[in-house]
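Colleague: have a look; sequence and predicted model below, questions after that.
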Amino acid sequence: MEISLTEENYIKAIFSINTNNRGLGVSTNQLSEHLQNKAGSVTDMLKRLAEKKLIHYKKYKGVFLSDKGQKMAIGIVRKHRLWEVFLMQKLKFKWDEVHDIAEQLEHIKSDELTQRLDEFLGKPKFDPHGDPIPDSKGQLSHLKAKPLSHYNTKGQFVFMGVSEHSKSFLQYLSSIGLGIGDLIKVEEINKFDNSLKIKINKNSLHFFSDKVSSNILVELKK
């Protein structure tokens, strides 16, 4: 069955939104906003995907991937995140640069290339942004990290990933010298706006707004 690049993008978008929705389904409006397409175009594409048995619709709940669609989406996500690792580790791209390039590379059809890439990289479990990489069987490692804002307490945390992938956000984190695995020490919490006074690696002092701390995923330092 031939699948176009646009159809693959829709499949991946449904997978991404449904993951964030914890499996509660995807609405046409959510897809329209996510892909920045008109609602009418989204509806037409959903009909096409349904005809190919890649999705199904549940009344009042929205769109879900079929087993076939889920398998396809995981394959695309696997390729995308492996390419991000390759681009950053081997070609020294910055973490705010790899997403757009990986968007192009994820559509390469060769399963053999994907498998060799995985082996070449040492079978990484997470991409440069902390997102889990599906293995060859489609299984994902579960990141136990939570948003820094979730803890609402002083203490030391390990930076594990981000839930916001925009270039501006990643560039901001780079500008203050924060990278995956770094230590974040919360020294003060402003009760008025939940902003935080923090230190990175016991060194540089910074202030995080509630929006920033809500998009930074951390684990308590043991």
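Modeller: Yes, it's here.

Colleague: quick one: residue 101 is in a helix?
Modeller: Yes: Residue 101: assigned to a helix according to DSSP: H, G, I helix; E, B strand; the rest coil.

Colleague: doesn't residue 91 make contact with it?
Modeller: No: using Cβ atoms under 8 Å, residue 101 is not in contact with residue 91; the gap is 9.1 Å. Backbone N, C-alpha and C define where each C-beta goes, glycine included.

Colleague: touching the helix or strand of the chain with the lowest mean pLDDT from outside, list them.
Modeller: Within the chain, confidence by mean pLDDT, DSSP states H and E is lowest for strand 55-58 among all helices and strands, at a mean of 89. Here strand 55-58 makes contact (Cβ atoms under 8 Å, 6 or more residues apart in numbering) with 11, 14, 25, 46, 49, 50, 63, 64, 65, 66, 69.

Colleague: number of residues surrounding the second one?
Modeller: The reference is to residue 14. Residue 14 is flanked by 26 other residues according to other Cβ atoms under 10 Å.

Colleague: identify the residues contacting the residue nearest to it when sequence neighbours are not counted.
Modeller: Among residues not flanking residue 14 along the chain, residue 26 sits closest, at 5.2 Å (Cβ to Cβ, 6 or more residues apart in numbering). Residue 26 makes contacts with 14, 17, 18, 62, 63, 64, as judged by Cβ under 8 Å, 6+ apart.

Colleague: okay, and the beta partners of residue 26?
Modeller: Counting by DSSP bridges, residue 26 forms beta bridges with residue 63.

Colleague: how near is it to residue 32?
Modeller: Note on residue 26: its distance to residue 32, by Cβ to Cβ, to the nearest Å, is 11 Å.

Colleague: go on, residue 195?
Modeller: Look at residue 195 and residue 32: by Cβ to Cβ, they are 33 Å apart.

Colleague: can you pull up the most central residue in the protein?
Modeller: residue 131 (5.2 Å; Cα atoms, centre = their mean).

Colleague: now the residue nearest to that residue when sequence neighbours are not counted, what's its secondary structure?
Modeller: Setting aside the residues directly before and after it, residue 131 is nearest to residue 81 in space (Cβ to Cβ, 6+ apart), at 6.0 Å. Classification of residue 81 using three-state DSSP returns helix.

Colleague: check the one 5 residues further on too.
Modeller: In terms of secondary structure, residue 86 is helix; the call rests on three-state DSSP.

Colleague: tell me who's in contact with it.
Modeller: Residue 86 makes contact with 117, 120, 121 under the criterion Cβ under 8 Å, 6+ apart.

Colleague: so residue 218 makes contact with residue 146?
Modeller: Yes: counting by Cβ under 8 Å, residue 146 is a contact partner of residue 218 at 6.9 Å.

Colleague: between these two, who's got more neighbours?
Modeller: Shown here are residue 218 and residue 146; by other Cβ under 10 Å, residue 218 has more neighbours (25 against 16).

Colleague: in what helix or strand does the more buried one lie?
Modeller: Per DSSP states H and E: residue 218 is located in strand 216-220.

Colleague: for that strand, packing partners?
Modeller: strand 146-147, helix 148-151, strand 155-162 (3 or more Cβ pairs under 8 Å, 6 or more residues apart in numbering; DSSP states H and E).
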